[in-house]
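1. Structure, please.
(one chain, ligands or ions: 1)
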Amino acid sequence: MSFVEYSEEIREGDVAIVYLGHESMMPVKVRHGAQTQTRYGAIRHSADLIGKRYGAKVTCSKGGWVHVLHPTPELWTVTLPHRTQILYTTDIATITLMLELKPGSVVCESGTGSGSLSHAILRSIAPTGHLHTVEFHQQRAQIAKEEFAEHRVDHLVTVSNADVCKDGFGVAGVADAVFLDIPSPWEAVPHAKAALKSHGGRVCSFSPCMEQAQKTCEALLALNFEEINTLEVVLRVHEVRTVSMPLADFGADFGPPAPPLPAVTLKTTTPPREMAAHTGYLTFATKPRTRIV
Ligand code: SAH
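-> Numbers count the residues shown, from 1 in each chain. Here you go, the predicted model:
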């Protein structure tokens, strides 16, 4: 198992995702002799997991069953232990697309936080890219390092414990893309520029407040970044419902009114009346190619 490569079989040392139904999931470290308690009873790792195929249905000790899934960045985002606020898949999808990440890309990121975005970046840039991620909270940096090793992606990532606003990313002229998720991203913009390749690259900064996005845009503009854009990604899920309603009667052109039309049963969709939509503003910009004159 690795978070960037699929394997068929569950092995000792893997991190598997136990799917309990109704979108309820938990990550499990697979260990010989260990047991995991679920509401359907215990899962015995040696007997029930090791040697089974990913996707298998496993019967727990109380007779209920679960499915054991291969980990992916998307499943990790919804099951990981939170040490900070994290980015979710709706924003992550736009970030990886707009930063033009692909196998081989070199990326700088700060802060690492709980590593939710980092795992998605790693899957996009594997097997030959590299992520330089900077986190100034010592314990968070350490835990992220340990998780990357457990998830067998540590060869693709360097974790640094530093203040990105003071010390930068620790690399210069190598990055295809830089991502910022820190309270004062404008202070890190000069470091982002220094980390990017001389022939240009993309930057993205995530901020919950518009004032932060404004300051970041000003800093980007002052350093001659181009194509500066701030956007917000709002996911609006429509509910499908079956309703019964009379067909519309637009009236006859001539003559007496027609009798009412019978009710029909229709499938219709409704958007939510209220939704918790705002996560943050995503500011993107391009570092232009250095012109040789
Ligand atoms: N994007 C991450 C969450 C980042 S939370 C995820 O998806 O999991 C923001 C993180 O930035 C916090 O862990 C915080 O400690 C770190 N941070 C804040 N300011 C920083 C700075 N100046 N340098 C490095 N890390 C910083």
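2. Flag every residue of the chain that's near the ligand.
-> When proximity is defined as CB under 6 Å from any ligand atom, the chain approaches the ligand at 84-87, 110-111, 113-117, 134-137, 140, 163-165, 181-183. Heads up, the C-betas are built off the backbone N, CA and C, glycines and all.
3. Pull the contacting residues for Leu261.
-> 246-249 (CB atoms under 8 Å, 6 or more residues apart in numbering).
4. got the phi/psi numbers for it?
-> With angles defined as degrees, to the nearest 10, Leu261 sits at phi -80, psi 150.
5. that older thread, out of the contacts of Leu261, the closest to Ala195 would be?
-> Ala248 (60.2 Å; CB to CB).
6. Grab the nearest non-local neighbour of that closest one.
-> Leaving aside its sequence neighbours, Ala248 sits nearest to Leu261 (CB to CB, 6 or more residues apart in numbering; 7.9 Å).
7. rewinding a little: are any of the contacts of Leu261 buried, and if so which?
-> Among the contacts of Leu261, none is buried by neighbour count (16 or more other CB atoms under 10 Å).
8. List just the nearest of those to Glu227.
-> Nearest to Glu227 among these is Ala248, at 47.1 Å by CB to CB.
9. secondary structure class for the closest one?
-> coil (DSSP: H, G, I helix; E, B strand; the rest coil).
10. One more: the one 4 residues further on?
-> At Ala252 the chain is in coil, as set by three-state DSSP.
11. which residues touch it?
-> Ala252 makes contacts with Ala258, as judged by CB under 8 Å, 6+ apart.
12. that older thread, the residue nearest to Ala248 and Ala42: what is the separation?
-> Using CB to CB, to the nearest Å, we find Leu261 at a distance of 60 Å from Ala42.
13. ok, His70 - contacts?
-> Contacts of His70 by CB under 8 Å, 6+ apart are 1, 6-7, 16-17, 54-55.
14. how far away is it from the ligand?
-> Separation of His70 from the ligand (CB to the nearest ligand atom, to the nearest Å) stands at 21 Å.
15. could the contacts of His70 be laid out in a markdown table, adding distance to Pro257?
-> Output for the contacts of His70, formatted as a markdown table (distance: CB to CB, whole Å):
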| residue | distance to Pro257 |
| --- | --- |
| Met1 | 70 |
| Tyr6 | 65 |
| Ser7 | 70 |
| Ala16 | 66 |
| Ile17 | 61 |
| Tyr54 | 65 |
| Gly55 | 61 |
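16. how far does stretch 152-166 sit from the chain's center?
-> Chain-centre distance of stretch 152-166: 18 Å, with CA atoms, centre = their mean, to the nearest Å.
17. er, stretch 57-72 I mean
-> On CA atoms, centre = their mean, the centre of stretch 57-72 falls 25 Å from that of its chain.
18. and it, how far apart are its ends?
-> Stretch 57-72 has an end-to-end distance of 18 Å (CA to CA, to the nearest Å).
19. Return the set of residues that bridge with Thr270.
-> For Thr270, the beta-bridge partners are Glu239 (DSSP bridges).
20. For stretch 47-57, give me every contacting residue.
-> With CB under 8 Å, 6+ apart as the contact definition, stretch 47-57 has outside contacts at 1, 6-12, 16, 28, 30, 32, 43, 58-60, 65-70.
21. Swap in 7 Å and give it another go.
-> Here stretch 47-57 makes contact (CB atoms under 7 Å, 6 or more residues apart in numbering) with 8-12, 16, 30, 32, 43, 58, 65, 67-70.
22. Weed out the non-buried ones from the residues you listed.
-> Buried by 16+ other CB under 10 Å: 10, 16, 30, 43, 58, 68-70, out of these.
23. which residue ranges form the strands in the stretch 51-200 of the chain?
-> All strands of the stretch 51-200 of the chain, identified by DSSP state E, counting those that start in this stretch, fall at 57-59, 65-69, 106-110, 130-134, 157-160, 177-180.
24. Format those as CSV; extra columns: mean pLDDT.
-> Putting the strands of the stretch 51-200 of the chain into CSV (pLDDT from 0 to 100) gives the following:
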stretch, mean pLDDT
strand 57-59, 96
strand 65-69, 97
strand 106-110, 98
strand 130-134, 98
strand 157-160, 98
strand 177-180, 98
